[in-house]
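Colleague: 3D model of this:
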Amino acid sequence: MIEVRHLSRHYGALKAVQDVSFSIDTGEIVGLLGHNGAGKTTIMKMLTGYLEPSAGTIRIDGLDIAEQRREAQRRIGYLPENCPLYPEMTVLDSLDYQASLLGLAPDRRPAAIRRAVERTELGAKATAAIGTLSRGYRQRVGVAQAILHEPRILILDEPTNGLDPAQIQHMRALVRELAREATLIISTHILQEVEAVCGRVLIMRGGQLALDSRLDAIGRRPRLVVTLDRDPDEALPALSALDGIGSAVLLDQDGTRHRFALETDDAQSAAPGVARAVCERGWSLHGLETERQDLEALFGAVTLERMEATHG
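Modeller: Numbers count the residues shown, from 1 in each chain. Below is the predicted model:
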C-alpha cells in the first residue's frame, strides 16, 4: 500500500530526512514517533505529495508519487497538525467546499458529507460556524475533511489534539473502524495513543529511521541492564561491540556507578558473555539483570543522543 525507498530531504546543508525506507500494508495502523526536528513532519509532507524528496521513491497503492502525484493524492486523506479552517463557514459549508476541492461530483457530496459527519459525531454542530467551535470540535472537522472521499490511506498528525477524554475514546474507536478499509499513519507525541491504537511503530531520530517494530514485539524482547563503575565514553563503545549486542545506551548514574541498557535479541543468552567481557577488562560489575520494556522506555532509549550506532 505504501512503499518508501531510500527517502531523503535536504535543505541546503541540513539533512532533514536521510535514507529512510519502510513499507506499510493495507489495514495497518502505524505510529510515527520522534522528537521535534526528527523528520516526522517532513516525511508526512513527502508522503502526501506536498514536498518533493531530494532523493528516493514513494509509491502509494502502486503509484509513483513523483510521476502520478494527483492520482496518488486522490487516495490519501491528510489531517495536518494545524488544520486550516475558515472560521466564518459552518461545518456543513466547510465540508461541502472541501468535497469540491477533492473533486467529488455534486450528486455524491450530500451522502459523503452526511457519512463524514456521522462518523466524527459532528451532527450537533453541523450548522455552527467553525469560529465558535472548541478546539476539539475543530479537530473533528479536520478529520471529517480527511475522510470525505473515503481514501485508502489516512495520514493523521496529532489527531487527538485538544480532545477531552470522551472525545479521545471516540477518536480511537474511529481510527480502528477506518483501519478496516484503509491504511493509517498517525504522528503523535502522546505515546499512550500509539499504544492504544497502533500495531506498529516507526521511531525517527535525527532524520533517520531508528526503529521499526511491531508493538507486540516490544514487550516480548527484554533488554539487559548492566551497572558498572566505568565512564560512559569508555563503556558504551565496548559494550556495543560485544557479540549479540545491538546497541548500548546510558540510562542513569549514581555517583561513579552508571547503568547501561543493552539491546539484544536474547537477553538471557547474552548475559553470560557480557559478564565475562566485563570481568576480562577488570571492571567492577555491580549489577546485571533483564528488564522488560514498554514503549515509553524504548522511545527514551532509541532517541537518546548518546546511543551508539547499531553494531554490525
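
Colleague: which residues are contacting stretch 49-61?
Modeller: When contacts are defined by Cβ atoms under 8 Å, 6 or more residues apart in numbering, stretch 49-61 is touched by residues 1-10, 17, 19-21, 42, 45-47, 64-66, 69, 72-73, 75-76, 152-153. Where C-beta positions appear, they are placed from N, C-alpha and C, glycine not excepted.

Colleague: report the contact partners of residue 1.
Modeller: Taking Cβ under 8 Å, 6+ apart as the contact definition, residue 1 lies against 24-26, 28, 60-61, 152-153, 183.

Colleague: so which of the contacts of stretch 49-61 sit within helices?
Modeller: Residues of these located in helices (DSSP state H): 42, 45-47, 69, 72-73.

Colleague: quick check: residue 79 touching residue 156?
Modeller: Yes: shown here, residue 79 and residue 156 form a contact pair, counting by Cβ atoms under 8 Å, at 4.5 Å.

Colleague: just want to know which of the two has more residues nearby.
Modeller: Under the criterion of other Cβ atoms under 10 Å, the comparison of residue 79 against residue 156 puts residue 156 first, with 26 against 22.

Colleague: any idea where the strands of the stretch 151-300 of the chain begin and end?
Modeller: For the stretch 151-300 of the chain, applying DSSP state E, counting those that start in this stretch gives strands covering 153-157, 183-187, 200-205, 208-214, 223-228, 247-254, 257-263, 285-291.

Colleague: let me have those strands in TSV, extended by mean pLDDT and distance to residue 173.
Modeller: Shown next, in TSV, are the strands of the stretch 151-300 of the chain (pLDDT from 0 to 100; distance: least, Cβ to Cβ, whole Å):
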stretch	mean pLDDT	distance to residue 173
strand 153-157	95	14
strand 183-187	95	13
strand 200-205	94	19
strand 208-214	90	22
strand 223-228	92	33
strand 247-254	86	36
strand 257-263	91	34
strand 285-291	91	33
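
Colleague: residue 32 is nearest to which of those?
Modeller: strand 183-187 (4.4 Å; Cβ to Cβ).

Colleague: helices or strands up against the closest one?
Modeller: strand 29-33, helix 40-47, strand 153-157, helix 165-178, helix 191-197 (3 or more Cβ pairs under 8 Å, 6 or more residues apart in numbering; DSSP states H and E).

Colleague: got the contact list for the second one?
Modeller: This points to helix 40-47. 2, 4, 7, 9, 16-17, 20, 32-34, 51-53, 58, 60, 65, 76, 78, 81, 155, 157, 185, 187, 204, 207.

Colleague: let's see that with 7 Å instead.
Modeller: Outside helix 40-47, the residues that touch it by Cβ atoms under 7 Å, 6 or more residues apart in numbering are 7, 9, 16-17, 20, 32, 34, 51, 53, 58, 155, 157, 187, 204.

Colleague: what's the offset of it from the middle of its chain?
Modeller: Averaging C-alpha positions (Cα atoms, centre = their mean, to the nearest Å) puts helix 40-47 11 Å from its chain's average.

Colleague: do the third one as well
Modeller: In terms of Cα atoms, centre = their mean, the gap separating the centre of strand 153-157 from the centre of its chain is 11 Å.

Colleague: on that earlier part again, turn the contacts of helix 40-47 into CSV, columns for neighbour count.
Modeller: Formatted as CSV, the contacts of helix 40-47 follow (neighbours: other Cβ atoms under 10 Å):
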residue, neighbour count
7, 23
9, 22
16, 20
17, 27
20, 23
32, 26
34, 25
51, 16
53, 22
58, 21
155, 24
157, 21
187, 24
204, 24
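
Colleague: JSON lines please, covering those residues and showing distance to residue 101.
Modeller: As requested, the contacts of helix 40-47 are exported to JSON lines (distance: Cβ to Cβ, whole Å):
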{"residue": "7", "distance to residue 101": "27"}
{"residue": "9", "distance to residue 101": "26"}
{"residue": "16", "distance to residue 101": "28"}
{"residue": "17", "distance to residue 101": "28"}
{"residue": "20", "distance to residue 101": "30"}
{"residue": "32", "distance to residue 101": "25"}
{"residue": "34", "distance to residue 101": "30"}
{"residue": "51", "distance to residue 101": "19"}
{"residue": "53", "distance to residue 101": "24"}
{"residue": "58", "distance to residue 101": "22"}
{"residue": "155", "distance to residue 101": "17"}
{"residue": "157", "distance to residue 101": "19"}
{"residue": "187", "distance to residue 101": "23"}
{"residue": "204", "distance to residue 101": "30"}
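
Colleague: for residue 259, state which of those is nearest.
Modeller: The closest of the contacts of helix 40-47, once distances to residue 259 are taken by Cβ to Cβ, is residue 34, at 24.3 Å.
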